[in-house]
Structure formats: structure tokens, C-alpha cells
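Q: Take this sequence and fold it.
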Amino acid sequence: SSSSSNSSSGSGSSGGARIRADAARPARRHADTMSFLHKIHNVAHAVGEYVTPVLQTSAFKERGVLTPEEFVQAGDQLVRTCPTWEWASGDPAKRRSFLPEDKQFLITRGVTCEHRVRALEANYSAEVEMEGGEGEDTWLATHNNRVATGSDAAADAGGVVDLTDLG
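A: Numbering: from 1, shown residues only. Model (predicted):
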């Protein structure tokens, strides 16, 4: 039949859609599996927190774990010395009674990452200093790494750009 040849070859419109839907199934199964594993991890973590008592004496040198008091002291020092770090109170339903309400966890903001630094460097490397006219200052052309689109070419040629061309 023609529908079976379309679905196996992908040349028909409905067959091609069927092949794409079949290709998406493993990705959905993977996401479902990961979601299930995440739920199991959360339950195991909650059980572990329930059966493990809050540390009362320091075991940092022996096991690398902090008491709540040590955690707050270390966090206060971090916040004092590194301005990107700050304390947060978080969701009231998730707060731990052994920590101060306003010091439930530490968060950092405004830290540059390698990806953003590379993107900034690429932008700066594309800048070109342009000479102004007689008696004018020089200026900096900052968008030299753009790829021209059809609407850019029409605008540069003095043509009218139709909004449908931008889409």
C-alpha cells in the first residue's frame, strides 16, 4: 500500500510526520525516566534527613561536615569577604528549624562565566575604530560581526522593508 511506503521512506507528508513522532519517543522516555529517578532521589534524600540527627559537635576535620553554627559563621565570613555572595531565606515551607530564618542558604549572583567572557571578548574584538570627517572625532563601530539578512540588504539598497520579510 502507498501509506506503508510513505512511512518507511519518509517521502509522504503523513509518513514523515509519523517518523518524526517515532523519533521523539526515546527522548520522552528518557525525560520520563529522569523524572522518575529524580523523584526517587528526593524521597531518599528526605528519608536521610529525617533519620540523620542535626550535627551538634564539629566533625569538619574528620568528615568534612559542619554544624549549623559553623555553617552560619562560615557563611557570614563569605558574605563579608566576597560581595557576590548573600544569605537567602527561601521558601518558608522548606526552611530548616536549626538555621536562622534569614540564613537558610547562600546564593551568589553576578559572577562572570567563561561562556559570557568569551562572548564579550568576541564582541570587543569585532569593534573597529572609524575615522570621522574633517574636524570630527573618531567613533567606534560595534556591530561588525553581524550577518546581513535579506531585509538588511533591502534597507541598504534604499528599498522598503516589508514586515513579512523580517519574520
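Q: Can you read off the pLDDT for Val111?
A: For Val111, the pLDDT comes out at 81.
Q: that's a strand at it, yeah?
A: No. According to DSSP: H, G, I helix; E, B strand; the rest coil, Val111 belongs to no strand; its state is coil.
Q: neighbours around the closest residue to it other than its chain neighbours, how many?
A: Residue nearest to Val111 in three dimensions, not counting chain neighbours: Thr84, with 5.3 Å by CB to CB, 6 or more residues apart in numbering. Glycine gets a C-beta too; all of them are placed from N, C-alpha and C. By other CB atoms under 10 Å, the residues close to Thr84 number 12.
Q: and if you look at His115?
A: The number of residues near His115, taken as other CB under 10 Å, comes to 8.
Q: quick one, what contacts Val79?
A: Trp85, Glu86, Trp87, Leu106 (CB atoms under 8 Å, 6 or more residues apart in numbering).
Q: can I assume Ala139 is in contact with Val128?
A: For residue 139 the amino acid is Trp, not Ala. No. The criterion here is CB atoms under 8 Å, and Trp139 misses it with Val128 at 9.8 Å.
Q: Does Trp87 belong to a helix, a strand or coil?
A: strand.
Q: quick one: it from Val51, how far?
A: 28 Å (CB to CB, to the nearest Å).
Q: ok, these two, which is more surrounded?
A: Trp87 (18 against 7).
Q: now the residue lying closest to the more buried one once chain neighbours are set aside, what's its secondary structure?
A: Distances taken as CB to CB, 6+ apart put Lys103 closest to Trp87, at 4.6 Å, once the chain neighbours are dropped. Three-state call for Lys103 (three-state DSSP): coil.
Q: Does Lys103 touch Gly75 like I think?
A: Yes. If you go by CB under 8 Å, Lys103 and Gly75 touch, sitting 6.4 Å apart.
Q: give me every residue that touches Thr84.
A: Thr108, Arg109, Gly110, Val111.
Q: Am I right that Leu106 is in a helix?
A: No. According to three-state DSSP, the state of Leu106 is strand, so it is not within a helix.
Q: Surely it is in contact with Cys82?
A: No. Leu106 is beyond contact range of Cys82, at 9.9 Å (criterion: CB under 8 Å).
Q: If you count surrounding residues, which of those two has more?
A: Per other CB under 10 Å, whichever of Leu106 and Cys82 has more neighbours is Leu106, with 16 against 12.
Q: For the more buried one, name its beta-bridge partners.
A: Bridge pairing for Leu106 (DSSP bridges) gives the partners Trp87.
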